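**Q** based on what follows, work out the 3D shape:
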Amino acid sequence: MQEIRHESVAPTRTQRLASGGEIDAHRHDDHQIVYAGRGTIAVTTDAGSWVAPATRALWIPAGTVHRHQAHGELDLHLVGLPTTENPLGLDEPAVLSVSPLLRELIVAYTRDPDNDSPPRLRLRAVMLDQLALSPEQPLHLPVPTDPLLRELHDVLRADAADNRSLDDLGRQIGASARTLSRRLRDDLGLTYPQWRTQIRLHHALILLADDVPVTTVAHRCGWSSASTFIDVFRRAFGHTPGARPVT
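**A** Numbers count the residues shown, from 1 in each chain. All right, here's what the predicted structure looks like:
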């Protein structure tokens, strides 16, 4: 059984991770904001995976066992918050929208973590105000509890471009499309197309972080054309796949 590190205080700092780098499973007694100013960060818990490019941050509640993985060269900004401070009122991991202002506040606040000067405390107050205004974003890839759905999940994760129908996939794992659809609704609250799109977007973000061309990403993730992929991506994230934040 893997040992889980326990860190009572969630750190506030800036660090760099090479592409593919990991921070192993651990938990804090504090809440934590995780933001990648460059690259894409994936955070995995027992409940599933959350992935965030540079226009998103991750909220990790106190006590949540989680691990990080870097996709692309990563500038990682971590903000620890005591349990008495929960600007979003969230008790589950979540992905948050990061405005240009919030981005600059997080980067500035994590640059000099040992500085408790009055200007930095004022910066912190503004950062918390902006966090309270940050809407959640649907970047969670839930892990199903149903054994059949876990098997289907493994098939789809192995090849995001698999365009077989649910009937065809069901024959492979020994279940009808009707049974799988019902279990998806009961377990995840999703239809099959919704779930498959989440899996594909999750994989697309990872490929984009490794500088794979947009057209290649579209085909590797099962979209019929780059334009279709760009449209789906824009509706999910509010920007095109090729957009990069100003650094």
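**Q** residue nearest the middle of the protein, spatially speaking?
**A** Among the residues of the chain, the one closest to the centroid is V51, at 1.8 Å (C-alpha atoms, centre = their mean).
**Q** got the contact list for that residue?
**A** 40-43, 71, 95, 139, 141, 202, 205-206 (C-beta atoms under 8 Å, 6 or more residues apart in numbering). Every residue, glycine included, has its C-beta placed from N, CA and C.
**Q** quick one: least confident of those residues?
**A** Ranked by pLDDT, these bottom out at L139, which has 67.
**Q** for the residue nearest to the centre of the chain, give its distance to E85.
**A** 25 Å (C-beta to C-beta, to the nearest Å).
**Q** what is the end-to-end distance of stretch 46-59?
**A** Counting by C-alpha to C-alpha, to the nearest Å, you get 15 Å between the two ends of stretch 46-59.
**Q** oh, and call the first residue 39 from now on, that's how I've got it
**A** In the new count, where the first residue is 39, that last one comes out as stretch 84-97.
**Q** chain center to it, what's the gap?
**A** Taking the mean of its C-alpha atoms, stretch 84-97 sits 2 Å from the chain's own mean (C-alpha atoms, centre = their mean, to the nearest Å).
**Q** on that earlier part again, and of the contacts of V89, the nearest to G260?
**A** H240 (12.4 Å; C-beta to C-beta).
**Q** could you find the closest non-adjacent residue to that closest one?
**A** Closest residue in space to H240, ignoring its immediate chain neighbours: L179 at 4.6 Å, by C-beta to C-beta, 6 or more residues apart in numbering.
**Q** following element in sequence after the helix or strand that neighbour falls within, please.
**A** Element membership for L179 (DSSP states H and E) is strand 178-180. Under the assignment DSSP H and E, the closest C-terminal helix or strand after strand 178-180 is helix 185-196.
**Q** roughly how far apart are the residue of the chain most remote from its centre and R162?
**A** Ranked by distance from the centre of the chain (C-alpha atoms, centre = their mean), the top residue is P156, with 33.0 Å. For P156, the distance to R162 equals 11 Å [C-beta to C-beta].
**Q** again with L116
**A** Distance, L116 to R162, using C-beta to C-beta: 14 Å.
**Q** neighbours around A198, how many?
**A** 21 (other C-beta atoms under 10 Å).
**Q** surely it meets Q236?
**A** No. Applying C-beta atoms under 8 Å, one finds A198 not in contact with Q236, separated by 10.7 Å.
**Q** just checking: what are the partner strands of the strand holding L179?
**A** Within its sheet, strand 178-180 is paired with strand 86-90 (antiparallel), according to DSSP bridges.
**Q** now do the strand it pairs with, average pLDDT.
**A** Here the average pLDDT along strand 86-90 is 81.
**Q** try stretch 185-194
**A** 90.
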